[in-house]
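Trainee: Provide a 3D model corresponding to the input given below.
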Amino acid sequence: MKRSWSDVALSVWGVLVFLFLFAPIIVIIVSAFNTGRLLVAWDGFGFDGFIALLEKPAIRDAVWVSVQTGAIAALVATVLGTLAGIAMARHPGKWVFWFIGLLLLVSVTPEIVDAVALLPWLVFLGQDAGLALFNDGVVRLVVGHSLFATAVVSYIVRARLVGLDAQLEEASSDLYAKPLTTFRRVTLPLAMPAVLAGFLLSFTLSLDNTVIAAFVQVSGTTPWPVYVLSALRSGLRPEIASVSTIMLVLTLVALGLVAFVLRRAGDSATQIARTMTGN
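Mentor: Predicted coordinates for the structure are as follows:
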């Protein structure tokens with residue numbers, strides 16, 4: 001059938017919108033192979049920016065702090081969020097309404113507000129309360145990054161279990177299985193695709209958390225986003241684009257693994273989208 005002019009116009013408009021959205025990403029990927037001193041001046045094609053990751057300790061340390069913090073924060077958020085999601089799905093009641101309200105409050109609160117609140121609180125715990133653990137930069141970053149990620153994992157796990165029948169868990173109880181055994185052999189395997197998806201999403205959220213990291217980080221534990229912000233003063237160099245490209249690839253791989261795990265679990269494209277958004 002011949003397409004109407006409105007369909008053609010909408011298709012062209014959609015392509016233009018996607019180009020506008022992804023053009024900056026394409027530019028940063030191309031700039032990653034620039035051999036010039038600054039990003040704004042193209043001198044030639046090369047891999048000098050990627051080699052700088054191995055040669056410059058400051059860049060290497062910043063990337064390592066981000067990856068380390070992301071992994072630990074994702075683990076913490078996954079454990080707490082999984083338990084919360086299972087509780088909301090399998091033990092409904094009035095408390096769920098209020099608990100979801102608290103999670104929504106965490107989700108919609110601006111990061112700058114969280115950062116301003118976390119800084120004096122962590123200083124109080126580390127200095128006034130004498131808890132030296134909270135003087136560690138990685139611990140501070142993990143606490144700050146895991147707040148929002150925990151809420152995300154809770155949404156995802158709850159969305160997964162709400163759509164599944166609880167008969168298997170009830171049958172396990174009827175066969176005199178202990179609650180812990182039922183949780184380990186029935187409930188957790190049912191929720192595992194959402195748990196893995198929550199872990200990977202938490203990791204990606206931690207990688208680009210800039211505002212909270214800028215407030216709570218201490219000397220010696222500067223994550224990559226904060227390092228990039230500080231580099232603005234002297235001008236962005238090609239190695240910034242190179243490492244950013246690597247981080248982008250890590251993020252895309254993590255998101256791809258999320259979709260793969262959920263797809264293997266039998267979810268449709270619509271269900272994958274709903275699970276990843278916690279709906």
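
Trainee: Confirm D165 sits in a helix?
Mentor: No. Using DSSP: H, G, I helix; E, B strand; the rest coil, the secondary structure at D165 is coil, not a helix.

Trainee: What pLDDT is listed against it?
Mentor: For D165, the pLDDT comes out at 70.

Trainee: Please apply the same query to the one 3 residues further on.
Mentor: The per-residue pLDDT reported for L168 equals 74.

Trainee: now do S146
Mentor: Value listed for S146 in the pLDDT field: 90.

Trainee: Quick check, it in contact with V76.
Mentor: Yes. Under the criterion of CB atoms under 8 Å, S146 makes contact with V76 at 4.5 Å. (Glycine included, C-beta is placed from N, CA and C.)

Trainee: The two: which is more packed in?
Mentor: The neighbour count for S146 versus V76, taken as other CB atoms under 10 Å, is higher for S146 (25 against 19).

Trainee: State the three-state secondary structure for the more buried one.
Mentor: S146 is classified as helix under three-state DSSP.

Trainee: and it, what does it touch?
Mentor: Listed by CB atoms under 8 Å, 6 or more residues apart in numbering, the contact partners of S146 are 73-74, 76-77, 80, 202, 206.

Trainee: Now, those residues that are in helices?
Mentor: Using DSSP state H, the subset of these located in helices is 73-74, 76-77, 80, 202, 206.

Trainee: now, the most widely separated pair of those?
Mentor: Farthest pair in those (CB to CB) is L80 and S206. Separation: 14.2 Å.

Trainee: Looking at these two now, which is surrounded by more residues?
Mentor: For L80 and S206, the more surrounded residue by other CB under 10 Å is S206, and the numbers stand at 28 against 17.

Trainee: R140: neighbour count?
Mentor: 26.

Trainee: ok, it touching L122?
Mentor: Yes. The pair R140 and L122 passes the contact test of CB under 8 Å, sitting 5.3 Å apart.

Trainee: what touches both of the two?
Mentor: Joint contacts of R140 and L122 (CB under 8 Å, 6+ apart) are 134, 216.

Trainee: Helices along the stretch 51-200 of the chain, start to end?
Mentor: Here the stretch 51-200 of the chain has its helices, by DSSP state H, counting those that start in this stretch, at 57-90, 94-108, 111-123, 137-162, 167-174, 179-182, 188-207.

Trainee: can you put these in JSON lines and add distance to A254?
Mentor: Below are the helices of the stretch 51-200 of the chain laid out as JSON lines (distance: least, CB to CB, whole Å):
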{"stretch": "helix 57-90", "distance to A254": "9"}
{"stretch": "helix 94-108", "distance to A254": "20"}
{"stretch": "helix 111-123", "distance to A254": "21"}
{"stretch": "helix 137-162", "distance to A254": "13"}
{"stretch": "helix 167-174", "distance to A254": "30"}
{"stretch": "helix 179-182", "distance to A254": "31"}
{"stretch": "helix 188-207", "distance to A254": "4"}
